[in-house]
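J.: have a look; sequence and predicted model below, questions after that.
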Amino acid sequence: MRLINYSTGLIAIALCLLAFLVQAQDKAEKSTIKIDLAYYQLNNNLPVVKVSAKTKKEKRFMPVEGVEINLFFGSESSSGFMGRVETNSHGVGSLSLPVRFKNQFDSSSSFKFIGTLTQNNSFDDKSTELEVSKAKIELTLDEADSVRKIHAKVLTYQLGDWVPQPEIEIKLVVRRLLSDLQATEEETFTTDKNGEASADFSLNIPGDAQGNIIVAAKIDDNETYGSLVSTKTAKWGTPVAPDNSFAKRTLWATRDKTPLWLLIFPNLIIISVWGIIFYLISLISRIIKLGKTNEPV
Amino acid sequence: MVDLPKIIPLTQNPRRNFLKGAGVLLAGIAGCTSKDPFTTEAKKEQVQPSGEMVKLLSTTGEIIEVDKAFLKPTEEIPSITHMAERMGIEGKKFVMVIDLSRCRNLKKCQESCNHAHFVSDHQNWIKVYPMKDGEHTAPYWQPTTCMHCEDPPCVKVCPVDATFKRQDGIVGIDADRCIGCRFCMAACPYSTRVFNWDKPIVPAEVMAKEYSSETSCPPKIGTVSKCDFCPDMARKGELPHCVSACPNGVFFFGDMNEDTVTNGSETVRFSELIRDRSGYRLMEELGTKPSVYYLPPVDRLFPFKNEGKTEDHV
Amino acid sequence: MSAHVNSSRITTDLLPQKFGTAGRIWTGLLLGLCLLGLYGYYRQVTLGLVVTNMRDYASWGIYISNFVFFVAISLVGSLITAIFRLAQVEWRTPLTRISEIIAVSAILFASIIIVVDMGRPERFTHLFLYSRLQSPIMWDVIVITTYLTISLLFLYFPLLPDLPILIKNSKEGSFQQKIYKFLGSFWKGTAAQFRINENAVRIISVMIIPVALGVHTITSWLFATTYRPGWDSTNFGAYFVAGAFLVGAGAVLVAMYVFRRAYKLETYITEKHFDNMSKIVVLLALVYLYFNINEYLVPAYKMKTSEEHHLRSLFTGHFARLFWTAIITSMIVPIVVLLFPKGRKPFPAFLIGILVVVGSWFKRYLIVTPTMLSPFLPMYDVPDSYKFYFPSWEEWAISTGSLAGVLLIITIFTRLFPIIPIHETIEEMEKNKFEKV
């Protein structure tokens, strides 16, 4: 009797453990994901929301590839649905605000973006919000007595009007192909009470073939206003003569740009040798012809 | 990871011209990496609602219905013609600077390059060599990519024009043209080219795509591959995978015509960097004129440690 | 003393004969090796070049060294047939067709083995559609095609006078006779025809020499136009040509002996022929040895860093045994043995010929592979198997198959056509008798 009691007890404990393990397995199946949203606007374009997905693996954050994040503008509803973004191998993706939200965007002074992950097999549901206040940068470039100056003014949209904003960190750069090069001696400027910041431009830098460069003022990752860039093109660079080595006749060029000496001499040799070969073949046909006439052997 | 803003190229986009002039076929997808939408004026979303609704589950447990058309608002980036791929991007001269004083052999560059280009790990396009030039000279790690030489010996010897030099300095490979003679591999003094001896291990949907020499994808058996300086990323305004992946900022990449290179967090003038840090090129005496510069391993960030066996190949 | 040469006896002696047992076993063996090679190639085409042991460092292996070997041997045609003809070397007559058929089949299989080495052989047409004249491979394609054509003509023109004899002596209506008739039923042997024929042969004799030199020089440029240690040499053109003549002459020594024994041609391929040919081999071996000394001693004196690993691997390292064996068997031993009259007798000369050919094959292997395993930058970040190279069974099968193919073509040719020109021999003997009188 006691034995049965003990064994029943053991089985019960075992079952409980099993159930706990199974539950723990269930819980361990899905990991938590961290979604970060960032706001970015270039000039007067519709803003872009950048999504970054990370998960914690062995105490380090690793980017998550291939998850689909739903983005909403204003509210998590069907009317606020912006679109869906799939993260790339670096765990990031971006989506520009669809045109249909333009009016709403233009009339608000601040807005909310929501990024959600739902119905994912590997990760728990997650929702992140980003609140941004609308701001813009007015950029002017002037040149007087060969002194070049950059003027930037930061304005925020408050109560239907654009108001200058002081105490904002701003950078003045030259836009290059893949990054921005610091255009001034100081790395950053802070806007004064009028929301303005100015600096001299004294770089001697190559531009395109006409000497154009793109000068920009940018706010990098501001807590309230996100990232903003305002650009202007100016002929402040030195013109770069295009490199036409590509069009020259070289040994490494395509076949239509063979060096002349390689085109002339080998072909002369080939033609003369094959000319002789064809002559020899004609000799064969002459022999054949001679053989056809019935001459005595 | 710094997100780089997209910019409009300074010169006219040659791709647009080719699209207009050459009558492009929208054949396939331009890159193996997932698509990033552009934010220029020209690419404003013009998706019309389709009327077909799809259900999404919100985090609060509600069901939201959205129009199916809004689920994929990004337009497919039309592929560049093969002719445009062979010509390259006008007005640019890509250059890379590798800072040997920062390299610690983490091999993150190798990992990310292999991942992006479906390269098996016995075919690394980037090799990180433990170097020791002379008996008493200091050892250091040297990441080596394709040098994209100005006077490329590999391009000279290719019999079928399968490898070619572009006007933006990149040496590309057309895997649809390559006959697998491996003369280019014999000619390259930097041992940077690899051959697909076996069937490449690539997901089926990538294998089905049309080959693009800008992504060097999908790799094909019996042809040669190598580092391509990721021109598909440059067209999107992004840095090559190795440059973004390196946590120590070893790789700098940029346009020599703009005199600017960046490693993702620092942007410097190329001429100043080379002048101040005494940049040099590998095997300069061979006359290949590489596009990859090295900054000597002085004022090292990390001491040289080789846990694995150093390849002493004498 | 008969004033007329017994031409009918010469004809009977030199007519192609049916295969005996030995011949059939030989042909069967060659066919078997060819089939094995084809199977190896089938595996290569379906599974990819991964079935070979070539990898990213040793990306050229025995296919390429076989290719160089075949191109080298094919130069014998211009040596014996052309140079001897121009120099009016009298004893060349029995050897001209042997050397010419060796040349033709060798250069044919050189082209075949090159296609075998390609990673994408189905794109062979790209070589013609998209060819770049700047590439040494294109130059090689052009000269090899030219050389093959000229060699075929060089085989054909001297064959014409023999065709009526073959037609007459073959079974009426047989397949063989049909071949002979197609090739030369129009040859009546008139003075006019002979004049054209001799003119043609003279033109080819002159033309084929620069083409032959060009073929092997341009093949050497496949290596010399790269930067690699061991290949970056200004000496390569002359070095390769000298080696080509040597291996060709060695091959002729072997072929001479085999045909002499198999077809009982002792009256035609005499001991004097072996004597003379052996002396030529000595001369060529000395020349090639001279080039080898230049090629290896001079860089070794300097021991540049980039070349040090390569030279050490040849002299004392991984390839040392092979290197010294190849030098000794293909040059030193032949020079020493053939300097003695006893060494120039048919059988010893035949053995030396084999040594020269085999040693030369390994010499070409030593030109291709060791350099590839001494790259400028260390061999690193690769699997260990990449750092060595020993051919796989498929590579051996295919290479042996190609060699068997060359021998098979020669064998079949001998079965159909007289290996010693009948008409020329008769003419030669008549001239000798006339001179003696």
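T.: Structure received. Numbering: from 1, shown residues only, chains lettered A, B, ... in the order given.

J.: torsion angles phi and psi at A:Thr128?
T.: Dihedral angles of A:Thr128 (phi, psi; degrees, to the nearest 10) stand at phi -130, psi 150.

J.: burial count for it?
T.: Per other Cβ atoms under 10 Å in any protein chain shown, the neighbour tally for A:Thr128 reads 19. C-beta coordinates here come from the backbone N, C-alpha and C atoms, glycine included.

J.: what's the answer for B:Gly249, then?
T.: 15.

J.: again with C:Leu338
T.: C:Leu338 has 26 neighbours, counted by other Cβ under 10 Å.

J.: do you know how far it is from chain B?
T.: Applying Cβ to the nearest Cβ, to the nearest Å, the value for C:Leu338 to chain B is 36 Å.

J.: same check on A:Glu187?
T.: The gap separating A:Glu187 from chain B is 11 Å, by Cβ to the nearest Cβ.

J.: surely that residue meets A:Leu172?
T.: No: contact criterion Cβ atoms under 8 Å: A:Glu187 and A:Leu172 do not qualify, at 9.5 Å.

J.: distance check, the spatially most central residue of chain C against chain A.
T.: Closest to where the C-alpha atoms of chain C average out (Cα atoms, centre = their mean) is C:Ile73, at 2.1 Å. With the distance defined as Cβ to the nearest Cβ, C:Ile73 ends up 22 Å from chain A.

J.: is it true that that residue lies in a helix?
T.: Yes: counting by DSSP: H, G, I helix; E, B strand; the rest coil, C:Ile73 is located in a helix.

J.: now do it against chain B, distance only.
T.: Counting by Cβ to the nearest Cβ, the gap between C:Ile73 and chain B amounts to 22 Å.

J.: returning to what we had before: joint contacts of A:Glu187 and A:Leu172?
T.: Residues touching both A:Glu187 and A:Leu172 (Cβ atoms under 8 Å, 6 or more residues apart in numbering or on different chains): none.

J.: who's more crowded, these two?
T.: Per other Cβ under 10 Å, whichever of A:Glu187 and A:Leu172 has more neighbours is A:Leu172, with 25 against 10.

J.: enumerate every residue touching the more buried one.
T.: Counting by Cβ under 8 Å, 6+ apart, A:Leu172 touches A:Ile150, A:Ala152, A:Gln182, A:Ala183, A:Thr184, A:Phe189, A:Ala197, A:Ala199, A:Phe201, A:Val215, A:Ala216, A:Ala217.

J.: hmm, A:Ala199 and the fifth one touching each other?
T.: I take that to be A:Thr184. Yes: using Cβ under 8 Å, A:Thr184 is in contact with A:Ala199, at 4.2 Å.

J.: any residues in contact with both of the two?
T.: A:Ile150, A:Leu172.

J.: now A:Lys149: closest residue in space, sequence neighbours ignored.
T.: Among residues not flanking A:Lys149 along the chain, A:Asp142 sits closest, at 5.4 Å (Cβ to Cβ, 6 or more residues apart in numbering or on different chains).

J.: run through who's touching the one helix or strand that neighbour maps to.
T.: Using DSSP states H and E, A:Asp142 sits in strand A:135-144. Identification of contacts with strand A:135-144 by Cβ under 8 Å, 6+ apart yields A:41, A:44, A:148-157, A:162, A:165, A:168, A:170, A:201, A:215-219, A:222, A:224-225, A:228-232, A:234, A:236.

J.: just the CA trace of it, in CSV.
T.: What follows is strand A:135-144, C-alpha atoms only, in CSV (Å, rounded to 0.1, in the frame of the first residue of the first chain):
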residue,chain,number,x,y,z
ALA,A,135,10.9,71.4,-37.4
LYS,A,136,12.8,72.6,-40.5
ILE,A,137,16.1,74.1,-41.4
GLU,A,138,16.5,77.1,-43.7
LEU,A,139,19.8,77.1,-45.3
THR,A,140,21.3,80.1,-47.2
LEU,A,141,24.7,80.4,-48.8
ASP,A,142,26.3,83.7,-49.6
GLU,A,143,29.5,84.8,-51.1
ALA,A,144,30.9,88.4,-50.7
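
J.: give the buried residues for it.
T.: Under the neighbour-count criterion of 16 or more other Cβ atoms under 10 Å in any protein chain shown, strand A:135-144 has A:Ala135, A:Lys136, A:Ile137, A:Leu139 buried.

J.: contacting residues around C:Val356?
T.: C:Leu246, C:Val247, C:Ala249, C:Gly250, C:Ala251, C:Leu253, C:Val281, C:Ala285, C:Thr329, C:Ser330, C:Pro334 are the contacts of C:Val356 under Cβ under 8 Å, 6+ apart.

J.: look up how far chain B lies from the closest residue to it other than its chain neighbours.
T.: Nearest non-adjacent residue to C:Val356, counting by Cβ to Cβ, 6+ apart: C:Gly250, 3.0 Å away. As judged by Cβ to the nearest Cβ, C:Gly250 and chain B stand 28 Å apart.

J.: the residue nearest the centre of chain B - nearest residue in space that isn't next to it in sequence?
T.: Nearest to the geometric centre of chain B sits B:Cys230, at 2.1 Å (Cα atoms, centre = their mean). Distances taken as Cβ to Cβ, 6+ apart place B:Pro240 nearest to B:Cys230, at 3.7 Å, with adjacent residues excluded.

J.: OK, contacts around the one you found?
T.: For B:Pro240, the contact set (Cβ under 8 Å, 6+ apart) comprises B:Cys113, B:Phe229, B:Cys230, B:Met233, B:Ala234, B:Phe251, B:Phe253.

J.: helix or strand next in line after the strand or helix carrying the fifth one, which one?
T.: Yep, that's B:Ala234 we're talking about. Assigned by DSSP H and E, B:Ala234 belongs to helix B:231-235. Downstream of helix B:231-235, the next assigned helix or strand under DSSP H and E is helix B:241-245.

J.: that next one packs against which elements?
T.: Applying 3 or more Cβ pairs under 8 Å, 6 or more residues apart in numbering or on different chains; DSSP states H and E, one finds that helix B:241-245 contacts helix B:108-117, strand B:251-255.

J.: closest to chain C out of the ones you listed?
T.: Of all these, helix B:108-117 sits nearest to chain C, with 7.4 Å by Cβ to the nearest Cβ.

J.: what segments of the stretch 51-200 of chain A are helices?
T.: For the stretch 51-200 of chain A, the helices defined by DSSP state H, counting those that start in this stretch occupy A:102-107.

J.: point me to the residue of it nearest chain C.
T.: A:Ser89 (21.3 Å).

J.: which residues does the closest residue to that residue other than its chain neighbours contact?
T.: Spatial nearest neighbour of A:Ser89, chain neighbours left out: A:Glu65 (5.1 Å); criterion: Cβ to Cβ, 6+ apart. Going by Cβ under 8 Å, 6+ apart, A:Glu65 touches A:Thr87, A:Asn88, A:Ser89, A:His90, A:Gly91.
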